[in-house]
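Asks: no sequence on this one, just coordinates:
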């Protein structure tokens, strides 16, 4: 028991379970299945961007990608425009989305490496450009996704939402890469001490480049799925995922100081973030109260997790 | 070491001067009392928010909630402060105290500032929604008067910017406590061993940031005459960009108050400049990003020799 409580991911999962129980108790047991299903669907989007953000945050202090919302919007807009709702174009759309991810990721890292900008400022400035590109190509039109794609994004396999399956697959890949792969070891080493890692022969800049490209590609996958899920791309579709992506990483037990990642915690945190909002909705809280309580709960979890980590 | 790396302040000044020269060239009518006032009017609240962000960055933290906080103080200004100066002032003092408390908590519990301020941004935003669920409120008449006063020769916006720069420069770069605060960003351990209570210093830095956040909200309402819960959300990113444009750095307590104010002016001017260029609205945000990248790239050009030696 002692061992389990020391795991960094436990707090996010405990919080998710408690909020789930609190919501279900209030609705006297009805709708537990529906709530779990919704949490899996909506949590998946947060988890996909969260896993990407985790890779970047693991690179150490100052590393964060603020261009996630703009990248999501841009990829969804361009992909849906390319598909134009025609059947049999799903792969084309996915290809466009992934290419956007490769492009924005490479551009972000180019700014960081070549202009030596702090990543916060580089991704922030670049996101303004991506946002403009999305506005320019979108022109306020809402293109519907092809039917097959919309069916896939809103559908389920074996009772589990397809978007959650995609998210789980991506998370599993990252988890294996981090725990078993050389690249993952390099990434964490670079996050713990870049100088030591460089001296030990780790290609630090190459590892950082792959991390920044990966977070962009994950953001485009999330944007592509979200647009298909909600029947079209919207210019503000990514907005809430800026704070969300950072929040799930930290609540999930990944160290903000870098060098320590935690994939399972991200999912716990993603469920928790969705469940808190639905719990407060069930209790009939207004928008203001919901926001205040969300903030208080986030800080509470961070305090609880840090008290565990460094017992005074 | 060339002149630009010795005097870090020169680059922000040069970028602002260049942008101003181009603006005057494109639209000569802006080179007047009225034109200048129009160009820089909205820069005053941005400059105040940037100084608030700078105070946090000075102690090696970052504030992702300052935009929401300024929105909240703007809402308080447009409601409580407008009805009764006493109640309004009491609430503002409480908000500043909350900011100081947040700083103390971040220090004592060794919490990541980025997450705590992010969480607090939900709290500030929620409180602002309570006060003003829909846009509204009104500016206290005296505040409106201060923000629209017309001093001779130099427009109010520039006078205010100089005043903010002067006061914060004295506070951070000249006064004893400012030096200790910057020292905390450079080497907290050394400051602690010199006998300073770090908790109180951190609370002071955050409390000062809260004070400037309050001033930013008040200045904003004085200009716009009403408020809404999302009025200043973009200030979070603007303020970070302003601090970096002004030659500040994320770690090591290397910040420049004058630079931060100039950075804020540059950002405000960039927005006005782009609308003079008759650029399609689609590209305005993107062009702002491009200007930001260009100015920051220039910084590297000048610092290269310095950086290579490190």
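Replies: Yep, that arrived. Predicted, not measured: the structure shown is a model, and the values here were computed from it.

Asks: in what helix or strand does the spatially most central residue of chain A lie?
Replies: When C-alpha atoms, centre = their mean is applied to chain A, the residue found nearest the centroid is residue A:49 (1.8 Å). Under the criterion of DSSP states H and E, residue A:49 resides in helix A:32-57.

Asks: and for residue B:100?
Replies: Assessed by DSSP H and E, residue B:100 sits inside helix B:85-108.

Asks: next: residue B:189.
Replies: Counting by DSSP H and E, residue B:189 is found in helix B:188-193.

Asks: again, but for residue A:175
Replies: Applying DSSP H and E as the criterion places residue A:175 in helix A:162-180.

Asks: now for the next helix or strand after the helix holding residue A:49, which elements pack on it?
Replies: For helix A:32-57, the following helix or strand on the C-terminal side (DSSP H and E) is helix A:68-83. With contacts taken as 3 or more C-beta pairs under 8 Å, 6 or more residues apart in numbering or on different chains; DSSP states H and E, helix A:68-83 sits against helix A:32-57, helix A:90-114, helix A:119-138, helix A:204-229, helix A:240-251. C-beta here means a position set from N, CA and C on the backbone, and glycine is covered the same way.

Asks: for the chain, which residues score under the pLDDT cut-off?
Replies: Using chain A. A:1-6, A:29-30, A:140-141, A:305, A:307-312 (pLDDT under 70).

Asks: let's do chain B instead
Replies: Where chain B drops to pLDDT under 70, the residues are B:1-7, B:302-310.

Asks: can you point out the buried residues in whichever helix in it runs longest?
Replies: The helix that spans the most residues within chain B, counting by DSSP state H, is helix B:281-309. Buried residues in helix B:281-309, counted by 16 or more other C-beta atoms under 10 Å in any protein chain shown: B:282-293, B:295-296, B:298-299, B:302-303.

Asks: give me the subset of these touching chain A.
Replies: Near chain A, judged by C-beta under 8 Å from any C-beta of the partner chain, the entries from the buried residues of helix B:281-309 are B:282-290, B:292-293, B:296.

Asks: does stretch A:189-209 reach chain B?
Replies: No: on the criterion C-beta under 8 Å from any C-beta, stretch A:189-209 is out of touch with chain B, staying 12.3 Å away.

Asks: just the terminal-to-terminal distance for that stretch.
Replies: From its first residue to its last, stretch A:189-209 covers 15 Å (C-alpha to C-alpha, to the nearest Å).

Asks: which other residues reach it?
Replies: Applying C-beta atoms under 8 Å, 6 or more residues apart in numbering or on different chains, the contact partners of stretch A:189-209 are A:58-60, A:63, A:106, A:109, A:112-113, A:183, A:186-187, A:258-260.

Asks: residues contacting residue 122?
Replies: All of this is about chain A. Going by C-beta under 8 Å, 6+ apart, residue A:122 touches A:108, A:111-112, A:115, B:293.

Asks: oops, wrong one, chain B.
Replies: Here residue B:122 is in contact with A:291-292, A:294-295, A:298, B:68 (C-beta under 8 Å, 6+ apart).

Asks: count of neighbours near residue B:108?
Replies: 13 (other C-beta atoms under 10 Å in any protein chain shown).

Asks: tell me which element the closest residue to it other than its chain neighbours falls in.
Replies: Leaving out its chain neighbours, the residue that sits closest to residue B:108 by C-beta to C-beta, 6 or more residues apart in numbering or on different chains is residue B:199, at 6.0 Å. Using DSSP H and E, residue B:199 falls within helix B:198-224.

Asks: report the angle between that helix and helix B:85-108.
Replies: On the basis of axes from the mean of the first three to the mean of the last three C-alpha atoms, to 10 degrees, helix B:198-224 is oriented at 140 degrees to helix B:85-108.

Asks: what packs against helix B:198-224?
Replies: Counting contacts by 3+ C-beta pairs under 8 Å, 6+ apart, helix B:198-224 is packed against helix B:43-58, helix B:66-76, helix B:85-108, helix B:141-148, helix B:176-186, helix B:188-193.

Asks: dump those helices into TSV; add distance to residue A:248 as well.
Replies: Compiled in TSV, these are given as follows (distance: least, C-beta to C-beta, whole Å):
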stretch	distance to residue A:248
helix B:43-58	23
helix B:66-76	19
helix B:85-108	20
helix B:141-148	40
helix B:176-186	29
helix B:188-193	29
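
Asks: do you know which of the ones you listed lies nearest residue A:83?
Replies: Closest approach to residue A:83 among those (C-beta to C-beta): helix B:66-76, 35.6 Å.

Asks: mind giving me the packing neighbours of that closest one?
Replies: Packing contacts for helix B:66-76, counted by 3+ C-beta pairs under 8 Å, 6+ apart, involve helix B:43-58, helix B:85-108, helix B:113-131, helix B:198-224, helix B:235-245.

Asks: any idea which helix or strand comes after it?
Replies: Note on helix B:66-76: by DSSP H and E, the next helix or strand toward the C-terminus is helix B:82-83.

Asks: mind listing residues that contact that next one?
Replies: B:88, B:137-140.

Asks: drop anything exposed from those residues.
Replies: Counted by 16+ other C-beta under 10 Å, the contacts of helix B:82-83 give B:88, B:137, B:139-140 as buried.

Asks: with respect to chain A, which of those residues is nearest?
Replies: Proximity of the buried ones among the contacts of helix B:82-83 to chain A (C-beta to the nearest C-beta) peaks at residue B:137, which lies at 15.3 Å.

Asks: the closest one: what's it in contact with?
Replies: So residue B:137 contacts B:75, B:77-79, B:82, B:221, B:226-227 (C-beta under 8 Å, 6+ apart).

Asks: which residue sits closest to it, ignoring its sequence neighbours?
Replies: residue B:78 (2.8 Å).

Asks: OK, contacts around the one you found?
Replies: Residue B:78 is in contact with B:132, B:136-139, B:221, B:226-227, counting by C-beta under 8 Å, 6+ apart.

Asks: so residue B:31 sits against residue B:24, correct?
Replies: Yes: in terms of C-beta atoms under 8 Å, residue B:31 counts as a neighbour of residue B:24; the distance is 4.7 Å.

Asks: buried sites along stretch A:86-95?
Replies: A:89-90, A:93-94.

Asks: swap in stretch B:85-104?
Replies: Under the neighbour-count criterion of 16+ other C-beta under 10 Å, stretch B:85-104 has B:88, B:91-92, B:95-96, B:98-100, B:102-104 buried.

Asks: do stretch A:57-65 as well
Replies: Residues A:57-61, A:63-65 are the ones in stretch A:57-65 that count as buried (16+ other C-beta under 10 Å).

Asks: please apply the same query to stretch A:101-113.
Replies: Quick answer for stretch A:101-113 (16+ other C-beta under 10 Å): A:101, A:103-105, A:107-109, A:111-112.

Asks: when you scan that stretch, is anything in it near chain B?
Replies: Yes: Stretch A:101-113 reaches chain B (C-beta under 8 Å from any C-beta) through residue A:111.

Asks: any residues touching that stretch, and which ones?
Replies: Residues outside stretch A:101-113 that contact it (C-beta under 8 Å, 6+ apart): A:65, A:67, A:70-71, A:74-75, A:117-119, A:122-123, A:125-126, A:130, A:205, A:208-209, A:212-221, B:293.
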